[in-house]
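Q: dropping a prediction and its sequence here:
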Amino acid sequence: MKFSIGGTLKLAFRPWVEGLENIPAEGPAILASNHLSFSDSFFLPAVLDRKVTFIAKAEYFTSPGIKGKLTAAFFKGVGQLPVDRSGARGAGEAAIKSGIEVIERGELFGIYPEGTRSPDGRLYRGKPGGLARVALATGAPVIPVAMIDTEKIQPPGKVVPKLMRPGIRIGRPLDFSRYHGMEHDRFILRSVTDEVMYEIMKLSGQEYVDVYATAAKRQIADAEKAAKEAEKAAKAVKEAAAPHDANDTKAAGTKDAQDAGTTERDGAH
């Protein structure tokens with residue numbers, strides 16, 4: 001299924017690629033990419049000759065009905081592994097375990113250090129858990145990857161993609177073997193993650209924001225909620241004031257009529 005899906009994507013969207021020579025012909029490696037769109041996990045594997053395994057939320061594999069079965073078959077076909085995200089800590093540990101297993105099989109493991117899609121196209125702070133821990137536990141090289149313009153093809157909430165050419169830049173492998181066995185040192189994890197994010201930023205040309213994307217999404221959601229509440233309050237005030245305006249207008253009309261009548265009578269005298 002990978003080849004049929006990959007061939008279809010390449011034919012329809014014609015993605016351009018730079019740095020394919022940085023992907024090893026064999027052996028394990030971690031592909032650390034920015035995350036702009038739901039389709040990132042499909043475009044990157046489509047341009048590679050080797051299989052890439054990403055982590056996907058378990059709901060994609062357990063939804064009921066025919067649609068759910070088709071979705072599960074699709075994600076399995078493109079090499080994605082289900083991870084239960086019902087508990088934040090459990091989800092992280094499951095992702096790390098799955099990543100280590102992929103690396104130990106000598107395969108390519110794909111991961112998004114930001115942890116979620118960018119809400120506005122900017123590059124956000126990498127989370128120091130999954131990426132760094134898998135790299136330090138296995139000694140596998142980390143290859144930075146930049147997805148270009150995929151958010152324009154399929155923005156969040158859009159089902160039908162727009163036909164245009166996305167880009168993929170693949171950087172040189174980063175060697176963190178000097179930190180092997182230090183995967184529980186939080187300062188080392190932060191340092192490794194920041195180094196990878198810096199390389200992704202150089203490849204992508206994105207503006208870097210030193211906060212987590214999840215926090216940015218909450219801020220955006222809170223701002224949108226506040227704006228809606230303010231709009232709703234303004235509308236309520238306007239509606240409440242409307243009857244008074246109507247009464248004032250009616251009263252003003254009555255007074256004008258009275259004044260006009262008085263003027264006529266005065267003129268008659």
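A: Nice, I can see it. Residues are numbered from 1 along each chain as shown.
Q: how about Gly115, what does it touch?
A: 126-127, 212-214 (Cβ atoms under 8 Å, 6 or more residues apart in numbering). Glycine gets a C-beta too; all of them are placed from N, C-alpha and C.
Q: now do the phi/psi pair for the spatially most central residue of the chain.
A: Closest to where the C-alpha atoms of the chain average out (Cα atoms, centre = their mean) is Arg117, at 1.1 Å. Phi and psi for Arg117, reported as degrees, to the nearest 10, are phi -70, psi 150.
Q: that older thread, most neighbours out of the contacts of Gly115, which is it?
A: Gly126 (28 neighbours; other Cβ atoms under 10 Å).
Q: how about the helices in the stretch 101-250 of the chain?
A: For the stretch 101-250 of the chain, the helices defined by DSSP state H, counting those that start in this stretch occupy 130-138, 150-153, 186-204, 213-268.
Q: contacts for the second one next, please.
A: Going back to what we said before, that points to helix 150-153. Counting by Cβ under 8 Å, 6+ apart, helix 150-153 makes contact with 13, 36-37, 39-40, 43, 117-118, 121, 161-164, 166, all of which sit outside it.
Q: quick one: pLDDT of the residue nearest to the centre of the chain?
A: On pLDDT, Arg117 comes in at 91.
Q: Pro82 contacts Phe61, correct?
A: Yes - with contact defined as Cβ atoms under 8 Å, Pro82 counts as touching Phe61 (4.3 Å).
Q: overlap of the contact sets of the two?
A: Residues touching both Pro82 and Phe61 (Cβ under 8 Å, 6+ apart) are Phe75.
Q: got any ranges where the stretch 151-269 of the chain has weak pLDDT?
A: 156-157, 243-269 (pLDDT under 70).
Q: picking that back up, the helices of the stretch 101-250 of the chain: which one's closest to Glu107?
A: Nearest of those to Glu107, taken as Cβ to Cβ: helix 130-138 at 11.3 Å.
Q: who are the packing partners of the closest one?
A: strand 29-33, helix 88-104, strand 108-111, helix 186-204 (3 or more Cβ pairs under 8 Å, 6 or more residues apart in numbering; DSSP states H and E).
Q: Asp49 is nearest to which of the ones you listed?
A: Proximity to Asp49 (Cβ to Cβ) singles out strand 108-111 among these, at 10.5 Å.
Q: picking up where we left off before, export the contacts of Gly115 as CSV, with columns for distance to Pro24.
A: Below are the contacts of Gly115 laid out as CSV (distance: Cβ to Cβ, whole Å):
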residue, distance to Pro24
Gly126, 23
Lys127, 25
Tyr212, 31
Ala213, 29
Thr214, 32
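Q: return the member of these nearest to Glu104.
A: For the contacts of Gly115, the nearest to Glu104 is Lys127 (22.3 Å; Cβ to Cβ).
Q: need phi/psi at the closest residue in space to the closest one that isn't next to it in sequence.
A: Among residues not flanking Lys127 along the chain, Gly115 sits closest, at 4.6 Å (Cβ to Cβ, 6 or more residues apart in numbering). As for Gly115, its main-chain torsions (degrees, to the nearest 10) stand at phi 90, psi -20.
Q: and Gly115, how far is that from Pro155?
A: Using Cβ to Cβ, to the nearest Å, one gets 19 Å for the distance from Gly115 to Pro155.
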